[in-house]
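>>> Okay, predicted coordinates and the sequence, questions at the end:
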Amino acid sequence: MAVQTSSTGNLQNMSRIMLASARYTEEHNAPMLGLIEKFNLGKGEYQLTIPKVAQMTAEDLAEGQDMIDSEDIDVSTVTATTAEVGLKVIITDTLLQQNNEDVYKIIGRQMGDAMARKKDTDIIALFPSLNGGTDIGADNALFNLANVSGIIANAKADKFGNDLYIVHHPNAVWKLATDVGNTLSTYPLPDAFDKPAVKDYWTGIKLSGVPIFEDGNIAYTGTSGHVSGYGVVADKTAMGHLAARARREERERDISLRAYEIVVTEDYAVFEVDDTRGAPLLYDMPNPSASATS
């Protein structure tokens, strides 16, 4: 009788399927990552330092008169350092012997979901600190057309930037969608956001040139008696993602467990680049009725 055994070759083939699925899932399951600036650390670098200069003012001149006033550069800096994030998957010899491609695709999807959710929620955790922690909106306020129009007007008046976007929970966006219908949905997306990893989360609504995205990873604040949560209005330059090391996949044999350990790690950080280019949006996220009779 032939005996089927696991081998490193089988593991490499199956883990390749698993990790390819994980990478695909992660790329398509974290909308916030595609809405912020990307930075990379070079070899030998341990932190990123981003300079920011203040706004200058030009003045009227009179012929034959020297300019008296001068402008300060007024440089401030933002620094960011990275940390490791990862997860471990154990593949037993029994599972490896089955050589079931679908099983490894499922495992890969779980890994991709986990890494994507981690990055996405890390970025969402930055929302409440933007704009000096000053919210737009309030508990019990609805994310309706009037309020969203006000959000956009405030963001433009306060010069948040030229690549503005809004993100909130699907339950909050539902209220806006009922107000808007199809009358204010316009195509196409601005070039800065028109890419596969982001546009799948576009609601189809664009008000005053600002696209509205949804993200189901936004959590409720937990305030008693309220069902509100923090979304964001921001420019792409408000927040950043710093990558120090790309995804690394390592394998180790655990003989007593009769299994292989596959460890996937990345070294990155998400951080505020410019606090003045975004603001948290505190609005209700009630579960919408799906059984209304009128």
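Done, it's in.
>>> mean confidence for stretch 280-287?
Stretch 280-287 comes out with an average pLDDT of 93.
>>> So which bits of it are buried?
Buried residues in stretch 280-287, counted by 16 or more other Cβ atoms under 10 Å: 280-285. Glycine gets a C-beta too; all of them are placed from N, C-alpha and C.
>>> Nearest to residue 258 among these?
Of all those, residue 285 has the smallest distance to residue 258: 46.3 Å, by Cβ to Cβ.
>>> And the closest one, how close does it get to residue 130?
As judged by Cβ to Cβ, to the nearest Å, residue 285 and residue 130 stand 19 Å apart.
>>> Could you report the distance from residue 227 to residue 288?
Residue 227 is 11 Å from residue 288, where distance means Cβ to Cβ.
>>> Settle it for me: which of these two has more neighbours?
residue 227 (18 against 13; other Cβ atoms under 10 Å).
>>> Could you say which helix or strand holds the nearest residue to the more buried one once chain neighbours are set aside?
Spatial nearest neighbour of residue 227, chain neighbours left out: residue 286 (5.1 Å); criterion: Cβ to Cβ, 6 or more residues apart in numbering. Under DSSP states H and E, no helix or strand contains residue 286.
>>> which stretches of the stretch 1-150 of the chain form strands?
37-40, 48-53, 75-80, 83-92, 136-137 (DSSP state E, counting those that start in this stretch).
>>> any chance of these in TSV, plus mean neighbour count and mean pLDDT?
Formatted as TSV, the strands of the stretch 1-150 of the chain follow (neighbours: other Cβ atoms under 10 Å; pLDDT from 0 to 100):
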stretch	mean neighbour count	mean pLDDT
strand 37-40	14	88
strand 48-53	14	74
strand 75-80	12	75
strand 83-92	14	88
strand 136-137	22	94
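>>> okay, the ones you listed in CSV with distance to residue 190 next?
Shown next, in CSV, are those (distance: least, Cβ to Cβ, whole Å):
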stretch, distance to residue 190
strand 37-40, 15
strand 48-53, 23
strand 75-80, 25
strand 83-92, 30
strand 136-137, 21
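>>> Nearest to residue 27, out of those strands?
Judging these by Cβ to Cβ, what sits closest to residue 27 is strand 37-40, at 13.4 Å.
>>> quick one: contacts of the closest one?
The contact list for strand 37-40 (Cβ atoms under 8 Å, 6 or more residues apart in numbering) reads 48, 50, 80, 236-237, 239-244, 273.
>>> hmm, back to that, which of the buried residues of stretch 280-287 lies closest to residue 90?
Among the buried residues of stretch 280-287, residue 285 lies closest to residue 90 (Cβ to Cβ), at 36.6 Å.
>>> How about the contacts made by the closest one?
168-169, 171-172, 218, 220, 227-229.
>>> so of those, which ones are in strands?
Among the contacts of residue 285, DSSP state E puts 168, 228-229 in strands.
>>> follow-up on the earlier one: just the contacts of residue 285 now: which is nearest residue 137?
Distance to residue 137 across the contacts of residue 285 (Cβ to Cβ) is lowest for residue 228, with 8.0 Å.
>>> and the closest one, what are its bridge partners?
Residue 228 has these beta-bridge partners by DSSP bridges: residue 284.
>>> ditto for residue 166
On the basis of DSSP bridges, residue 166 is bridged to residue 212, residue 233.
>>> Spatially nearest residue to the residue most central in space within the chain, not counting backbone neighbours?
Centroid-nearest residue in the chain, with Cα atoms, centre = their mean: residue 32, separated by 1.9 Å. Residue nearest to residue 32 in three dimensions, not counting chain neighbours: residue 123, with 4.1 Å by Cβ to Cβ, 6+ apart.
>>> I'd like the average pLDDT over the helix or strand hosting residue 231.
Using DSSP H and E, residue 231 maps to strand 228-235. The average pLDDT within strand 228-235 is 96.
>>> Which strand or helix spans the closest residue to residue 145 other than its chain neighbours?
Nearest residue to residue 145, sequence neighbours excluded (Cβ to Cβ, 6+ apart): residue 179, at 3.9 Å. Per DSSP H and E: residue 179 is located in helix 170-180.
>>> moving C-terminal of that helix, what's the next helix or strand?
Going down the chain from helix 170-180, the next helix or strand is helix 196-199, by DSSP H and E.
>>> and that next one, what other elements does it pack with?
Helix 196-199 sits against no helix or strand, with contacts defined as 3 or more Cβ pairs under 8 Å, 6 or more residues apart in numbering; DSSP states H and E.
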